[in-house]
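Q: The following block contains a protein sequence and its predicted model.
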Amino acid sequence: MKRPLITLLLLCVCLICDGQDLQYAKTIIKDLCSAEYKGRGYVGNGVNKAADYLEERFHQLRLRKFGNTYSQTYSFPVNTHPYNIKCEADKTTLAAGYDFLVDAGSPDITGHFDLLHFDPNDSLDNMLLYKKIAKGFGVDDALVLHHLSHKDKSVLDSCKAYQHMPALFITTEEKKLTHTISRTLNEYPSLTFIDSAIATKDSIEIDVKHEWMDSFTCKNLMGYIKGRLTDTMIVFTAHYDHLGMQGTSALFPGASDNASGVSMVLYLADYYSRHRPDYSIAFLLFSGEEAGLMGSKYFTEHPAFDVKKIRFLINIDIMGNAEKGIVAVNGEENRTQFDLLKALNDTLKLLPDVRIRGKAKNSDHYYFAAAGVPSIFIYSDGGVGFYHDVFDVANSINLTNYEQVAQLLISFVKKL
Ligand SMILES: [Zn+2]
């Protein structure tokens, strides 16, 4: 009679634990997205404040250290716009993050400018635009290019060729402003607007100040749980940095990208701290990802342990809503492991789908894969799709199938 009772008790304990697990993940996401960590970027040292918070979580989980520290530091240059940004179009105040974004690499721009509107996709407008470029701009001219991606540099190149640069470049997007990080300082000031915020306007009053940092120091965080049988390692990674702030009010919380992935790594660390694994399991949290995979690149060049001991690495970047399942980047390159992951999902019936993708330099798995470490990058498929914008807030992700993903990864690690 004792056995069923013990089984029942264990089941209850497990259920309670699982409930706490999801709450644990939610708390991590909410905390990382709070104003205190300033979008985990460079303005106000947000990313390093987040590092202190995460180191404290490592302590709480009693993760082991590689050597005597949970962290390694490194530096890179970065451009920021930390001061109050003023922007008025025909006396209507416009908001950074919502109506426009100063391009990440932009230098200062202050003054009153006349808006010269062109749509390079319209053939007549395009002809007039190039005539104007050949003729040259006035000192107060701001060139507004409608529906042009800021990645399209052909107009800029043409201005450079004539040495006729407008005082200010403005490009417009239809509805969504996507921010980024720049490790270089552009020669010319530029902004990107939501089209409707500026399409009918004649002039703009603007004040933007940049702050260039030659050498911003940030941290990678590393901890592990020792395996029962072997020191061969399974590694879980996620980046904890995001885009930070622009001006004093535009905050990029990065809930989906990648507070959600960090929470999953800590969720797994919490699980393994209570269920000792056969393999040793390392948990690596990188900074500098949004600046161009800087943290993981540095780690692979200065590893805290022998990366040859890594049996498999799973990078998690965006895990907010797995309504449709997960996607495994670099799955094509690790077909055996991908097939195992997919077969387990089919057997356990956890997620609607586990999709495969090929090689891509789109997250922190990349430099590990390049160094010969078998690695995949998984992200969740589903949700509203806020990405690199001010709307990627903690409330916009609902962690659909979150525990199913964790369960799948735990089963996968057991079979590796
Ligand atoms: Zn990311």
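A: Yep, that arrived. Residues are numbered from 1 along each chain as shown.

Q: what's around residue 326, how many residues?
A: A count of neighbours around residue 326, defined by other C-beta atoms under 10 Å, yields 26. For the C-beta atoms, the positions are set from N, CA and C on the backbone; glycine is no exception.

Q: There's contact between it and residue 376 in this structure, I believe.
A: No: if you go by C-beta atoms under 8 Å, residue 326 and residue 376 don't touch, sitting 10.1 Å apart.

Q: and for those two, which residues touch both?
A: Here residue 326 and residue 376 share no contacting residue, scored by C-beta atoms under 8 Å, 6 or more residues apart in numbering.

Q: which ones are touching residue 162?
A: Per C-beta under 8 Å, 6+ apart, neighbours of residue 162: 133, 134, 136.

Q: Turn those residues into JSON lines, columns for secondary structure.
A: Shown next, in JSON lines, are these (DSSP: H, G, I helix; E, B strand; the rest coil):
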{"residue": "133", "secondary structure": "helix"}
{"residue": "134", "secondary structure": "helix"}
{"residue": "136", "secondary structure": "coil"}
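
Q: Distance check, residue 183 against the ion.
A: 17 Å (C-beta to the ion, to the nearest Å).

Q: Residue 361: how many residues sit nearby?
A: Residue 361 has 12 nearby residues by other C-beta under 10 Å.

Q: Spell out, range by range, the helices that occur in the stretch 301-416 of the chain.
A: Ranges of helices in the stretch 301-416 of the chain, per DSSP state H, counting those that start in this stretch, are 335-348, 365-370, 402-415.

Q: and the shortest one, what does it pack onto?
A: If contacts are counted by 3 or more C-beta pairs under 8 Å, 6 or more residues apart in numbering; DSSP states H and E, helix 365-370 sits against helix 294-301, strand 310-316, strand 375-381.

Q: how about stretch 60-70: buried residues?
A: 61, 63, 66, 70 (16 or more other C-beta atoms under 10 Å).

Q: tell me which residues form a beta bridge with the third one?
A: Residue 66 forms beta bridges with residue 69, as assigned by DSSP bridges.

Q: got the contact list for it?
A: 222, 223, 224, 304, 305.

Q: Tell me how many other residues surround the residue nearest to residue 195 when sequence neighbours are not counted.
A: Nearest residue to residue 195, sequence neighbours excluded (C-beta to C-beta, 6 or more residues apart in numbering): residue 172, at 4.2 Å. Look at residue 172: counted by other C-beta under 10 Å, it has 23 neighbours.

Q: Help me confirm that residue 172 is found in a helix?
A: No: Residue 172: not assigned to a helix; according to three-state DSSP it is strand.

Q: State the distance from it to residue 88.
A: 17 Å (C-beta to C-beta, to the nearest Å).

Q: coming back round to it: so which of the contacts of residue 66 sit within strands?
A: 222, 223, 224 (DSSP state E).

Q: between those, which is nearest the ion?
A: The ion has its nearest neighbour among the ones in strands among the contacts of residue 66 in residue 222, at 18.7 Å by C-beta to the ion.
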